[in-house]
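Peer 1: Prediction below, plus the sequence it came from.
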Amino acid sequence: MASKNGIDRRDEDEVCPVCKSSRYLNPNMRFLINPECYHKMCESCVDRIFSSGPASCPVAGCRKTLRKNRFRQQTFEDIGVEREVDIRRRVMHILNRREEEFDSKRAYDDFLEQREEIIANLVCRIDVARTEAQLQAYAQENMQSIKANQALEEQEATSFQKKILLEQEEARMRQQIAREEYENERREQQATREDFLTRLASGSAADAAAIAREGHKVHLKKSSARRSEEDRIRQKQAALRGTEVKRTGTPLTAADTAGATPGAGLIKGLRKIKTPEPEKPYDPFMGLVPGKRDYYTQLESYPYAFLDKLRSDTTVQAGGYDLQEYYSRTLLEAFAGLGCFVQEEVAQRDATSSLGMSKPASTEGAAMAAVGKNAA
């Protein structure tokens, strides 16, 4: 049962173990805990003891060193639940393997069971030193994998939040459109009713049926236009949703990220991640094998009158002349200029010469020879 100021009556008699102050006498007292020992003390004692730096816990029997920046308010009423939640969050922050990283569903289930056993050991204080050592060793060996999975979790959380915001925006748009349609329809009905009454008042009794049929046709046209507008809005929302999906994309799995290495000894059943081989340097001559090029295909023969005469001339072929070698050399020379931009090279050469940089020795020698010839 809560009091008027929002404080549970069961906490009114809560007393600080350090200064013995009670919340009954000071309703605005705030109690803080530290994850190192989970001993509760008031905020004034925390400021007084730990403002100058780390200090030992003032609770009798506790010798753990505490720091002020780690004190926080208690979330759960039971301190045991608070401690278990903190341990579970810390362990799952380290052992954050995903299902797609395992060879089978059974291996992933074994990993989940092993993680729960580690959490249970830390919560129940069973082999705490050995369990902590295993976690620290795993965290050091798989730092890159842990960071990659954390990045994926953040990306998924961001995508989920964007999806929620998009759905809320669509719901708001639908409500606004419904309100606008209701107001427009109400105004149109009012205007139609007034026009109908005006025409009946100024017309004869024989015109009443014609006026009613005309009003019914107008109502049908407006209903058809309204349905078309609704279809157009649905298509616009579907296109907006598709654009959002394409922009965010499908999150990559942790097995596809670079640097993820499986844990040794602690987790079993992980897939072996194959590191791609480094790309070899490109060889445009393909090992100096005639006719073996990946940027063109050499044919057996080409229609050329001059080469047709040489192909049937035995005196030319007697010395070992081969038309296939000629084809290969010609095509290689034709493709040799691809990727070379002469204008850029000329501009760079002109810029270099304008800066007053020295010319090569051969160029200087040729210039001196030309000047000597002109003087002679």
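Peer 2: Structure's in. What do you need?

Peer 1: so Cys19 makes contact with Cys45?
Peer 2: Yes: the criterion here is Cβ atoms under 8 Å, and Cys19 meets it with Cys45 at 5.4 Å. Any C-beta I mention is one placed from the backbone N, CA and C, and that applies to glycine too.

Peer 1: quick one, which of the two is more surrounded?
Peer 2: Legend: neighbour count by other Cβ atoms under 10 Å for Cys19 and Cys45, higher for Cys45 (17 against 13).

Peer 1: Pro58 and Ala120: what is the separation?
Peer 2: Going from Pro58 to Ala120 by Cβ to Cβ, to the nearest Å gives 31 Å.

Peer 1: can you check Phe71 too?
Peer 2: 27 Å.

Peer 1: between those two, which one's more packed in?
Peer 2: Phe71 (18 against 13).

Peer 1: Which pLDDT value goes with that one?
Peer 2: On the pLDDT scale, Phe71 is placed at 92.

Peer 1: for it, what are its contacts?
Peer 2: Counting by Cβ atoms under 8 Å, 6 or more residues apart in numbering, Phe71 touches Leu32, Ile33, Asn34, Val46, Phe50.

Peer 1: Look at the nearest residue to it once chain neighbours are set aside and report its pLDDT.
Peer 2: Once flanking residues are discounted, Phe71 sits nearest to Leu32: 4.3 Å by Cβ to Cβ, 6 or more residues apart in numbering. Here, the pLDDT recorded for Leu32 equals 91.

Peer 1: Tyr38 is in contact with Leu32, correct?
Peer 2: No: shown here, Leu32 and Tyr38 do not form a contact pair, counting by Cβ under 8 Å, at 10.7 Å.

Peer 1: So for the two, which sits in the more crowded spot?
Peer 2: Taking neighbours as other Cβ under 10 Å, Leu32 and Tyr38 compare with Leu32 leading, 18 against 14.

Peer 1: how's this structure carved up into domains?
Peer 2: Split into domains by automatic domain parsing, the chain comes to 13-74, 145-256, 283-346.

Peer 1: pLDDT of the last one, averaged?
Peer 2: Per-region confidence: domain 283-346 scores 76 on mean pLDDT.

Peer 1: which residues in the stretch 1-150 of the chain form helices?
Peer 2: Here the stretch 1-150 of the chain has its helices, by DSSP state H, counting those that start in this stretch, at 43-50, 79-94, 105-123, 128-141, 143-202.

Peer 1: dump the residue contacts of Cys42.
Peer 2: With contact set as Cβ under 8 Å, 6+ apart, Cys42 has these partners: Cys16, Val18, Cys19, Ser21, Met29, Arg30, Phe31, Leu32.

Peer 1: Quick one, which of the residues you listed are buried?
Peer 2: Cys16, Val18, Ser21, Met29, Phe31, Leu32 (16 or more other Cβ atoms under 10 Å).

Peer 1: pLDDT score assigned to the first one?
Peer 2: The model reports Cys16 with a pLDDT of 88.

Peer 1: for the nearest residue to Glu99 once chain neighbours are set aside, what are its contacts?
Peer 2: For Glu99, ignoring the flanking residues on the chain, the nearest one in space by Cβ to Cβ, 6+ apart is Tyr108 at 4.8 Å. Residues near Tyr108 by Cβ under 8 Å, 6+ apart: Arg97, Glu99, Phe102, Gly269.

Peer 1: And for the first one, the neighbour number?
Peer 2: Using other Cβ under 10 Å, Arg97 has 24 neighbouring residues.

Peer 1: Excluding chain neighbours, give the residue nearest to it in space.
Peer 2: Arg97 sits nearest to Phe111 (Cβ to Cβ, 6+ apart), 6.0 Å away.

Peer 1: ok, now which ones touch the one you found?
Peer 2: Neighbouring residues of Phe111 by Cβ under 8 Å, 6+ apart: Leu95, Arg97, Phe102, Ile267, Lys268, Gly269.

Peer 1: Of all residues in this structure, which one is nearest the centre?
Peer 2: What sits nearest the mean C-alpha location of the chain, by Cα atoms, centre = their mean, is Gln155, with 4.6 Å.

Peer 1: quick one: which of the contacts of Phe111 is nearest to Thr297?
Peer 2: Using Cβ to Cβ, Phe102 comes nearest to Thr297 of those, at 45.9 Å.

Peer 1: Can you check the pLDDT for that closest one?
Peer 2: Looking at Phe102, the pLDDT reads 87.

Peer 1: likewise the one 10 residues further on?
Peer 2: Looking at Leu112, its pLDDT reads 91.

Peer 1: Spatially, what comes nearest to Ala107 if we skip its sequence neighbours?
Peer 2: Per Cβ to Cβ, 6+ apart, closest to Ala107 is Gly269, 2.7 Å.

Peer 1: which residues does the residue nearest to Phe71 form a beta bridge with?
Peer 2: Met41, Gln73 (DSSP bridges).

Peer 1: how close does it sit to Arg70?
Peer 2: 10 Å.

Peer 1: And for Ala129?
Peer 2: When Ala129 is compared with Arg70 (using Cβ to Cβ), they lie 22 Å apart.

Peer 1: Looking at the two, which is more packed in?
Peer 2: Arg70 (13 against 7).

Peer 1: For the nearest residue to the more buried one once chain neighbours are set aside, give me its contacts.
Peer 2: Spatial nearest neighbour of Arg70, excluding adjacent residues (Cβ to Cβ, 6+ apart): Asn34 at 5.3 Å. Residues in contact with Asn34 (Cβ under 8 Å, 6+ apart) are Cys57, Leu66, Arg67, Arg70, Phe71, Arg72.

Peer 1: on that earlier part again, TSV for the contacts of Phe111, including distance to Arg234?
Peer 2: Converted to TSV, the contacts of Phe111 look like this (distance: Cβ to Cβ, whole Å):
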residue	distance to Arg234
Leu95	44
Arg97	41
Phe102	41
Ile267	47
Lys268	50
Gly269	46
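
Peer 1: Sounds good, over and out.
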